[in-house]
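> Just to be clear, the model below is a prediction. Sequence and coordinates:
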Amino acid sequence: MSKENPVIVVIDYGAGNIFNVMKAIKYVGLAAKLTKDPSEILAADGLVIPGVGAYKTAMDKINENQLLVPIKKAANNGTPILGVCLGMQLLFDSSTEFGETIGFGLIPGEVVRLPQNTGFKVPQMGWNQNSVTIENALTQGIKNEFTYFVHSYYVKTDPKYIAASVDYGVQVPSVVIKDNIIGAQFHPEKSGEVGLRVWQAFANMVSDKAVNV
């Protein structure tokens, strides 16, 4: 059975930068829907977890709106999921920001503060060059390319999940992948043409999945 008009659902939990995310999805040719309705999350062809701000605040909103269960069910059902910036960090087990906070647990790992003793300013704010370690349809568009970052925390995880990274005093994972779960630490919607390649690659994943359902 095929689906002609796949829809990417953007999780609505009060995160910032939603307008640019929705605009980018529509630019690459798919419908975007902002929702916190569990039934719409489960019916989505693809999910985007946006995020700007603090991990604990975001998880409080996710739990308050009872969004974690449908997100995890969608993940287990094979729905392509893309977490962006804070949204990527939420995919992991926990964060040390403002105390220990439990995350989605979709990819093993912990979110910790960028070190202060490397000579690099915290937060990382600006453009940085990606080094690709796992080449696929998504990462080939960012190989050796610069993308835009704004963050004070980064993910520590098994290298087998790290598809790309940037040097910021430490190696910061910039793209992580585990099966149908993808995270981008940078903001694709703020990274110009390179960022649009990421959105296009994700849109292609969603479309391919929808066609083969």
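Thanks, I have the structure now.
> residues of stretch 142-157 that come out buried?
The neighbour-count check on stretch 142-157 (16 or more other CB atoms under 10 Å) flags 142, 145-151, 153-155, 157 as buried. Quick note: C-beta positions are derived from backbone N, CA and C, even for glycine.
> can you check stretch 64-83 too?
Residues 67-68, 70-71, 74-75, 79-83 are the ones in stretch 64-83 that count as buried (16+ other CB under 10 Å).
> Name the nearest of the buried residues of stretch 142-157 relative to residue 174.
The closest of the buried residues of stretch 142-157 to residue 174 turns out to be residue 147 (CB to CB; 6.9 Å).
> what about that closest one, distance to residue 29?
21 Å (CB to CB, to the nearest Å).
> Please tell me how far the nearest residue to residue 66 once chain neighbours are set aside sits from residue 60.
Leaving aside its sequence neighbours, residue 66 sits nearest to residue 38 (CB to CB, 6 or more residues apart in numbering; 6.9 Å). Using CB to CB, residue 38 is found at 18 Å from residue 60.
> Over to residue 122?
Per CB to CB, residue 122 is found 24 Å from residue 60.
> what does residue 69 give?
According to CB to CB, residue 69 stands 16 Å off from residue 60.
> Is the residue positioned nearest the centre of the chain bridged to anything, and to what?
For the chain, residue 83 is the residue whose C-alpha lies nearest the centre (CA atoms, centre = their mean; 1.7 Å). With DSSP bridges as the criterion, residue 83 is bridged to residue 49, residue 183.
> low-scoring stretches of the chain, by residue?
1-3, 211-213 (pLDDT under 70).
> Helices of that one, residue ranges please.
Applying DSSP state H to the chain gives helices spanning 18-27, 38-43, 55-64, 68-76, 86-90, 192-211.
> got those as a markdown table, with distance to residue 136 columns?
Formatted as a markdown table, the helices of the chain follow (distance: least, CB to CB, whole Å):
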| stretch | distance to residue 136 |
| --- | --- |
| helix 18-27 | 20 |
| helix 38-43 | 25 |
| helix 55-64 | 27 |
| helix 68-76 | 19 |
| helix 86-90 | 17 |
| helix 192-211 | 8 |
